[in-house]
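Engineer: coords below, sequence missing:
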């Protein structure tokens, strides 16, 4: 039987890939491996380390040195730490920058300033890129100067808690609407000129900076385009403390960036309604608690819909068999936990602002 010939990497000219990392020793090799496995590669990669205290930076150096050695005599030439040169056809420049104390916005801006290309592609450590991600995220980029392309982010199946978290927060392809699409910067491609026009990633925000960047792009007249073929897989937080910190920080970023005020007002209002029903159930009549069952079902309908009906792209995270009933019971509790973190985060960000 003839073996299928492996598709060779090709280099896309005038294209930079940038990312920021910090203390990612447990995930960095998986992330870089998914970059290496792309069917199409950028003409340069620039990765900024914000001063990792573990071996992240050294592991990246070793990875790219090994990759460069493996490619000797191959179809790709890798110039390590030489992003200021102009790579020839079939070659890729890699620059690893250590910038102590750089947050994610400063790290991204630093990388983009160094970039020599017209097109910038962005993702994050902790993600796994589909082998065709780079090719897809750059498809159709020359059709309009006012198009910004983002792709779909799907959850990686993990523990029971990680699956429940995915069900609560990760939309499927069937839920994504182009007119409301706001790409995450773990999966986006834009012209460097667009980044310059908006003033770059907002360095006064340490979280929510990518959504603020999206809003700034839209204000400048750019259209945010969804390409569902550009897929990034995202690892969920492993424990409740990590989940609380994550959504506290997101909400704090919303408050500092003056984003989604109506959404957060509705969240506050919902919390007050739930609290009022609980108090009335305690002090007036326990029958009032039945209202909580109805409200919990309404509150959790989107997660239940993903669990039982359609969740295109995330089907692997669905519970099955004996885990179905615990999942149905845990979802409302996890949603309340997430919204509590968001309430405190938004309040903190409001007072800090």
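Structural biologist: Perfect, I can see it now. Here the structure is a predicted model, which means the values were calculated and not measured.

Engineer: contacting residues around residue 189?
Structural biologist: Contact partners of residue 189, counting by CB atoms under 8 Å, 6 or more residues apart in numbering, are 119, 120, 121, 122, 137, 138, 141, 148, 149, 150, 230. No exception for glycine: its C-beta is placed from N, CA and C like everyone else's.

Engineer: wait, which of those residues is closest to residue 338?
Structural biologist: Comparing those against residue 338 with CB to CB places residue 150 closest, at 23.2 Å.

Engineer: can you pull the contacts of the residue nearest to residue 107 when sequence neighbours are not counted?
Structural biologist: Taking CB to CB, 6 or more residues apart in numbering, and ignoring the residues beside it in sequence, residue 107 has residue 20 as its nearest neighbour in space, at 3.4 Å. Residue 20 is in contact with 47, 48, 49, 50, 102, 104, 107, 108, 111, 124, 125, counting by CB under 8 Å, 6+ apart.

Engineer: hmm, residue 14 is touching residue 115, no?
Structural biologist: No. With contacts counted by CB atoms under 8 Å, residue 14 stays clear of residue 115, the gap being 10.3 Å.

Engineer: may I have the strands that pair with the helix or strand the residue nearest to residue 107 falls within, each with its orientation?
Structural biologist: With the criterion set as DSSP states H and E, the secondary-structure element containing residue 20 is strand 10-21. Each strand that strand 10-21 pairs with, and the sense of that pairing, follows from DSSP bridges: strand 40-49 (parallel), strand 119-122 (parallel).

Engineer: out of residue 14 and residue 115, which sits in the more crowded spot?
Structural biologist: Shown here are residue 14 and residue 115; by other CB atoms under 10 Å, residue 115 has more neighbours (24 against 12).

Engineer: quick one, phi/psi of that one?
Structural biologist: Dihedral angles of residue 115 (phi, psi; degrees, to the nearest 10) stand at phi -60, psi 140.

Engineer: in this structure, what residue spans correspond to helices?
Structural biologist: For the chain, helices defined by DSSP state H occupy the ranges 28-36, 56-70, 104-114, 133-137, 160-169, 192-198, 209-219, 240-256, 261-283, 290-299, 301-308, 324-352.

Engineer: by mean pLDDT, show me the worst of these.
Structural biologist: If these are sorted by mean pLDDT, helix 290-299 sits at the bottom with a mean of 86.

Engineer: which outside residues touch that one?
Structural biologist: Identification of contacts with helix 290-299 by CB under 8 Å, 6+ apart yields 270, 273, 274, 277, 278, 281, 304, 332, 335.

Engineer: ok, residue 317 - contacts?
Structural biologist: Residues counted as contacts of residue 317 (CB under 8 Å, 6+ apart) are 155, 157, 162, 163, 166, 167, 170, 311.

Engineer: so what pLDDT did it get?
Structural biologist: According to the prediction, residue 317 has pLDDT 93.
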